[in-house]
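Trainee: Fold the following and give me the result.
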Amino acid sequence: MFFFENPIGMLLAIISMIIAIGAQARVQSAYAKYSQIRVQSGMSGADVARKMVQGTGVEVIQYDGGRLSDHFNPQTNTVALSPEVYNGSSIAALGIAAHEAGHALQYHQGYAPISVRNGILPIARIGSMMAFPMIMLGLFFASMEILIDIGIVVFIAVVLFQIITLPVEFNASKRAVAVLERNSYLTRQEMSGARAVLSAAAMTYVAAVVASLLQLLRLLMIARRRR
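Mentor: Take a look at the predicted model:
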C-alpha cells in the first residue's frame with residue numbers, strides 16, 4: 001500500500017522492472033547466440049582461464065551451479081566455471097572464462113576497488129536483507145518510525161556497493177579482452193562476439209545500479225510523505 005499509493009512511486013517501480021528485465025534479456029540473447037559458435041583455436045574456457053591465472057596459485061574448477069553461474073571465489077581462491085563454460089569451446093565460453101579469471105587477477109594484483117567493495121560488503125549484505133523489513137515496520141508502527149531512516153541508510157550501502165562493483169566488472173572484462181586478443185585465443189571476428197557477450201553482461205550491473213537508484217528515490221519520497 002505505502003509503496004504504491006504514489007503514482008510517481010509506481011512509475012519508478014515499473015521503470016526499474018523494465019530496466020532489469022531488458023538487461024537480463026540482452027545478456028541471455030548474447031549468450032544464446034555466441035555459445036553456439038565454436039572458436040577456431042579449439043581452446044576451452046578452462047584452458048583460457050588456466051593460462052590467465054598461471055603462477056598465481058588460483059585453481060580453475062568445474063562448478064555445477066547452473067547456467068551463467070561462473071564466478072571467482074576469493075575464499076577458496078578458485079575460478080569456478082559452469083560445465084558449459086569449463087568444457088565449452090564457444091566464443092561465449094572463452095569470454096566468460098577470461099572475465100572470471102580477470103577477477104582472480106584483480107585480487108592477486110591488489111586492484112584497489114576490490115578492497116573498497118569488500119569493505120562495504122558486510123553492510124551491503126545487511127542492507128539487502130533488512131532494509132525493506134525495517135522500512136515496512138517503520139511505516140506500519142508510528143512508534144518505530146526511526147526504522148524508516150535506518151532502513152534507507154543501510155539501503156544506501158547496497159547502492160554504493162553496486163556502484164563500486166561497476167569499475168570492478170568493467171576492469172575484469174577489459175583484462176579478458178586484452179588477453180584474448182593479445183594471445184590470439186580468438187580471431188578478430190570472434191573478438192567482436194566476445195565483446196558483445198561481455199558488454200551485455202556488464203549492462204546487467206549498470207541496470208542494477210539504475211534500478212537501485214530509482215528504488216532509493218522511491219524510499220526517500222515515501223519517507224518524506226510519511227512525515
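Trainee: Could you point out which residue ranges in this structure have low pLDDT?
Mentor: In the predicted model of the chain, residues 1-6, 9, 226-227 satisfy pLDDT under 70.
Trainee: show me where it has helices.
Mentor: 7-34, 45-53, 83-86, 91-108, 112-140, 146-182, 188-226 (DSSP state H).
Trainee: Out of the ones you listed, which is closest to residue 67?
Mentor: Nearest of those to residue 67, taken as CB to CB: helix 83-86 at 6.7 Å. No exception for glycine: its C-beta is placed from N, CA and C like everyone else's.
Trainee: Packing partners of that closest one?
Mentor: Applying 3 or more CB pairs under 8 Å, 6 or more residues apart in numbering; DSSP states H and E, one finds that helix 83-86 contacts helix 45-53, strand 59-62, helix 91-108.
Trainee: If we use 7 Å, what do you get?
Mentor: helix 45-53, helix 91-108 (3 or more CB pairs under 7 Å, 6 or more residues apart in numbering; DSSP states H and E).
Trainee: want to throw the ones you listed into a markdown table with mean neighbour count?
Mentor: Formatted as a markdown table, these follow (neighbours: other CB atoms under 10 Å):
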| stretch | mean neighbour count |
| --- | --- |
| helix 45-53 | 23 |
| helix 91-108 | 26 |
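Trainee: I'd like these as TSV, with distance to residue 163 appended.
Mentor: TSV is the format used below for the helices and strands packed on helix 83-86 (distance: least, CB to CB, whole Å):
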stretch	distance to residue 163
helix 45-53	27
helix 91-108	17
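Trainee: between these, which one is nearest to residue 8?
Mentor: Nearest to residue 8, of all those, is helix 91-108, at 37.5 Å by CB to CB.
Trainee: So which of the helices of the chain is nearest residue 61?
Mentor: helix 83-86 (8.0 Å).
Trainee: Convert that closest one to PDB, retaining C-alpha atoms only.
Mentor: The C-alpha atoms that make up helix 83-86 are tabulated as PDB, following Å, rounded to 0.1, in the frame of the first residue of the first chain:
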ATOM      1  CA  PRO A  83      30.100 -27.100 -17.300                       C
ATOM      2  CA  GLU A  84      29.100 -25.200 -20.500                       C
ATOM      3  CA  VAL A  85      32.000 -22.700 -19.900                       C
ATOM      4  CA  TYR A  86      34.500 -25.000 -18.400                       C
END
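Trainee: quick one: furthest residue from the center of the protein?
Mentor: residue 143 (37.6 Å; CA atoms, centre = their mean).
Trainee: wait, isn't residue 39 in contact with residue 92?
Mentor: No - contact criterion CB atoms under 7 Å: residue 39 and residue 92 do not qualify, at 9.8 Å.
Trainee: Return the residues in contact with the residue most central in space within the chain.
Mentor: The structure's the chain has its C-alpha centroid closest to residue 205; by CA atoms, centre = their mean the separation is 4.8 Å. The contact partners of residue 205, taken as CB atoms under 7 Å, 6 or more residues apart in numbering, are 165, 166, 169.
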